[in-house]
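Q: Based on what follows, work out the 3D shape:
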Amino acid sequence: MNNRTRLSIGVTALALAGGTLGTSTAVAGSNTPSTTGTQIAAQSAQTGRSAAAAKPRLFLPFPCGTKWRVSSGGASHSPALDIDKGNAKAEGKTVQAAAAGVVVFSTRFAQGSGNTIQIKHEGGYYTTYLHLKSRSVSKGDKVKRTTKIGTLGKDGPTANGHPHLHFEVAKGKKNADRWGGADGGAHRSTASLYPKTYKGSGHTWTNQVSHSCSAPKPTKWAPFKVVKPVNKRAWAGTKYKSYGELGKGKTVMLGCNHTRKPDGKLYRRLDGGGGADGKGAWVRSSSTYVTQLKGCAK
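A: Below is the predicted model of the structure:
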């Protein structure tokens, strides 16, 4: 988002180089910018620790396994990120919360960033999402890491007609209130979106995979026959580590609804496979490696 208008929260709007002065306009029923001063509860629903106790683990705010192009822009933009797919196909795609938290505001700034959402996370960290096509949450909503908060868009004149998500991380309310400004690193924090840190201006990273994956408990299993030797892989965060092999001809029980796509490839949970890290063993499950023999059992 280059040369965009920064709509300040509760203060006079600032004119940016190449931009124009504007006044924030909220859609009916939405929260006005002044509501961002509201104190947010300090307790983390997931850990019970004080919000100031730990830095949250943030993820690319998109569904598990999806791939994105991430750009840091120039010095006045970095370390904020612009995220897209390099074409118009990104518009309308699901945007998720980067981590669990509470929605500070969800509103529309008609003369600047368009549909915009800010979320407060544990440790006093905030994430802000600009130019959304739609918004699915409201002020005060508690969200999980995989909660859909809206869809990617090009709303607001400062999007320059380009479908993308402008994404910012800030530490502390004072810095978070200055979202969208032209002073770059003066108030924004470097975005560490597990497992990668996006640092430095003028960079573009392609084919970045979202590791924001959930892991439902498996309730059904099915027998699969190994048709090509395949590694067993231990799950550790969002990375896999091979620790053994299943030989050709072996029959194994794999999860029907306990799957992951951390690298865009399908993996199934192996029944009875604890894994080297105690968090389960996983097997590549394309037809190249395994063939399902029977239906899923309860």
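Q: On the three-state scheme, Gly92 is what?
A: The local conformation at Gly92, judged by DSSP: H, G, I helix; E, B strand; the rest coil, is coil.
Q: residue contacts, the closest residue to it other than its chain neighbours?
A: Spatially, and ignoring its direct neighbours in sequence, Gly92 is nearest to Thr151 (5.1 Å; CB to CB, 6 or more residues apart in numbering). Heads up, the C-betas are built off the backbone N, CA and C, glycines and all. By CB atoms under 8 Å, 6 or more residues apart in numbering, the contact set of Thr151 is Glu91, Gly92, Lys93, Thr94, Val95, Leu132, Lys133, Ser134, Ser136.
Q: Just the buried ones from the residues you listed, in ChimeraX syntax?
A: Restricted to buried positions by 16 or more other CB atoms under 10 Å, the ChimeraX selection for the contacts of Thr151 reads:
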select :91,93,95,132,133,136
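Q: Export the contacts of Thr151 as JSON lines, with columns for pLDDT and distance to Asn115.
A: Output for those, formatted as JSON lines (pLDDT from 0 to 100; distance: CB to CB, whole Å):
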{"residue": "Glu91", "pLDDT": "94", "distance to Asn115": "13"}
{"residue": "Gly92", "pLDDT": "96", "distance to Asn115": "13"}
{"residue": "Lys93", "pLDDT": "96", "distance to Asn115": "14"}
{"residue": "Thr94", "pLDDT": "97", "distance to Asn115": "14"}
{"residue": "Val95", "pLDDT": "98", "distance to Asn115": "10"}
{"residue": "Leu132", "pLDDT": "98", "distance to Asn115": "4"}
{"residue": "Lys133", "pLDDT": "98", "distance to Asn115": "7"}
{"residue": "Ser134", "pLDDT": "98", "distance to Asn115": "7"}
{"residue": "Ser136", "pLDDT": "97", "distance to Asn115": "10"}
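Q: most centrally placed residue in the protein?
A: Pro61 (1.3 Å; CA atoms, centre = their mean).
Q: in the stretch 1-150 of the chain, which segments are predicted with low confidence?
A: The model of the stretch 1-150 of the chain has pLDDT under 70 over residues 1-53.
Q: meant to ask about the stretch 151-298 of the chain, not that
A: Residues of the stretch 151-298 of the chain that meet the cut-off, pLDDT under 70, sit at 182-185, 215-219, 235-240, 273-280, 298.
Q: what ranges do the strands span in it?
A: 165-171, 191-193, 196-198, 204-209, 221-226, 230-236, 239-246, 251-260, 267-270, 281-284, 290-292 (DSSP state E, counting those that start in this stretch).
Q: Make CSV out of the ones you listed and add mean neighbour count and distance to Asp84.
A: Output for these, formatted as CSV (neighbours: other CB atoms under 10 Å; distance: least, CB to CB, whole Å):
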stretch, mean neighbour count, distance to Asp84
strand 165-171, 23, 7
strand 191-193, 21, 15
strand 196-198, 16, 14
strand 204-209, 14, 10
strand 221-226, 18, 38
strand 230-236, 19, 29
strand 239-246, 15, 25
strand 251-260, 19, 25
strand 267-270, 24, 27
strand 281-284, 22, 29
strand 290-292, 17, 35
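Q: any idea how far the residue nearest to Gly92 is from Phe105?
A: To Phe105, Thr151 is 18 Å away according to CB to CB, to the nearest Å.
Q: Now do the helices in the chain.
A: For the chain, applying DSSP state H gives helices covering 173-176.
Q: Good, we can wrap up now.
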